[in-house]
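> task: produce atomic coordinates for the following.
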Amino acid sequence: MEFRQLHRWDVSPRRAAAIQSDLRRSLILRAGWKRPKLVAGADVSYDKRSDAIHAAVVVLSLPALTLVESASASGVARFPYIPGYLSFREIPILLKALRKLRARPDLLLCDGQGIAHPRGFGLASHLGVILDAPTIGCAKSRLIGRHRAPGWRAGSSAPLIHEGRRVGAAVRTRDGVNPIFVSPGHRIGMASAVRWSLACCGGHRLPEPTRRAHIEVNRLRVAAGTGADP
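Okay, the predicted model is just below:
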């Protein structure tokens, strides 16, 4: 899977913020593609006490959610762990894993934020611009914004609002289970981001692509003996 080299990764947090603000102007927040047939999930795992970092990408078919292929990579993190800047810590190793894929997914789900980010440019948005591909942020926790509780039933959602603007949705993926936080990354709109996140759920709280990537990357970390995930 090919991607564009848009900037350096060994930068200061101040420069990283400037890069995020600059690249945010490249975002396309609408769908321009047909129904996806291949969807990938990406996740990263590391130990806060170590510089070792691991990434896994799992590609599934839609709508069956059957495994097509997976790829992983390990390396050393070069950027500190700073909330709001995790793309600079995690994307380099994710790109190393993505480069190994034979197929190019139609859609990529990330365990992280899209535009629901302090500068409107989280990991899913950053990765989407680099790949020039549709991406969605499917985060387990909220970084910014406020929302009412979504309905109790699976499929219910509530807008995530930040500074008067909708930046995502709290989405109930199972009856009565805590919601996930979905936000558009790149080349997808709000409604489509929620729709396809739900379409990728296989009976678990997390969408199946990111759930399987999470399992695979933690298996890789444990095998490498690098300790506990943050």
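
> going forward, measure contacts between C-alpha atoms and count neighbours the same way
OK.

> just the buried positions in stretch 194-211, please.
194, 196-202, 205-211 (16 or more other CA atoms under 10 Å).

> list the buried ones in stretch 29-38?
Neighbour counts over stretch 29-38 (16+ other CA under 10 Å) mark 29-31, 38 as buried.

> got any ranges where this protein has weak pLDDT?
48, 226-230 (pLDDT under 70).

> could you rerun that using 50?
Applying pLDDT under 50 to the chain flags the ranges 230.

> can you give me the helices in this protein?
13-23, 86-98, 123-131, 190-199, 208-224 (DSSP state H).

> how near is the residue most central in space within the chain to residue 101?
What sits nearest the mean C-alpha location of the chain, by CA atoms, centre = their mean, is residue 110, with 1.6 Å. For residue 110, the distance to residue 101 equals 16 Å [CA to CA, to the nearest Å].

> cool, and residue 21?
Distance, residue 21 to residue 101, by CA to CA: 30 Å.

> and those two? Which one has more around it.
residue 101 (18 against 14; other CA atoms under 10 Å).

> residue 106 versus the nearest residue in space to the more buried one that is not next to it in sequence, what's the distance?
Distances taken as CA to CA, 6 or more residues apart in numbering place residue 1 nearest to residue 101, at 5.8 Å, with adjacent residues excluded. Separation of residue 1 from residue 106 (CA to CA): 12 Å.

> neighbour count: those two, which is higher?
The residue with more neighbours, out of residue 1 and residue 106, is residue 106; 18 against 14, by other CA under 10 Å.

> ok, the more buried one - contacts?
By CA atoms under 8 Å, 6 or more residues apart in numbering, residue 106 lies in contact with 36-40, 133-134.
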